[in-house]
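Asks: pasting the structure only:
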């Protein structure tokens, strides 16, 4: 029986880039616990007409609609976490990068694109619980995925 090549997301990173220089320099956001990209969705365009075959609606794919990236993590007040507010206040569209080990940890997956801050929350602040943060980033165009 073949062995699975799956592995965990341990050591995956989400980084924010600066494209004012070439090549783009990236800095990973500290203490991320979860990275959940929803890369894109494709809407259905109704193309049904009065002669559609077998009394069945017809559809064609629409344009790709860029998705979002949801992060959760341990809020520490690190500069990389506080930079999320700076990016949001400036309405900055910035390059981002996700990296993760894949294929039984023999290769590295990289996804890159551009986006902006859509949501940022800190807390709750409670006596017997770590302080969390969540951030959502809106992807603004296409993404590039590679595995090497």
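Replies: Structure received. Source: prediction; values computed, not measured.
Asks: tell me which residues form a beta bridge with the residue sitting nearest the centre point of the chain?
Replies: Nearest residue to the geometric centre of the chain (CA atoms, centre = their mean): residue 69, 2.8 Å. As for beta bridges, residue 69 partners with residue 37, residue 137 under DSSP bridges.
Asks: Let me see the contact set for it.
Replies: Residues in contact with residue 69, defined by CB atoms under 8 Å, 6 or more residues apart in numbering, are 14, 35-38, 96, 98, 115, 136-137, 139. Just so you know, the C-beta spots here come from the backbone N, C-alpha and C atoms, and that holds for glycine as well.
Asks: Now that we have the residues you listed, can you turn them into JSON lines and tack on neighbour count?
Replies: What follows is the contacts of residue 69, written out as JSON lines (neighbours: other CB atoms under 10 Å):
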{"residue": "14", "neighbour count": "23"}
{"residue": "35", "neighbour count": "19"}
{"residue": "36", "neighbour count": "11"}
{"residue": "37", "neighbour count": "19"}
{"residue": "38", "neighbour count": "12"}
{"residue": "96", "neighbour count": "23"}
{"residue": "98", "neighbour count": "19"}
{"residue": "115", "neighbour count": "23"}
{"residue": "136", "neighbour count": "16"}
{"residue": "137", "neighbour count": "26"}
{"residue": "139", "neighbour count": "22"}
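Asks: Distance check, the residue nearest to the centre of the chain against residue 2.
Replies: 32 Å (CB to CB, to the nearest Å).
Asks: quick one: the strands in the protein?
Replies: Using DSSP state E, the strands of the chain run over residues 13-18, 25-28, 32-41, 44-46, 59-61, 65-74, 94-102, 107-122, 132-139, 144-147.
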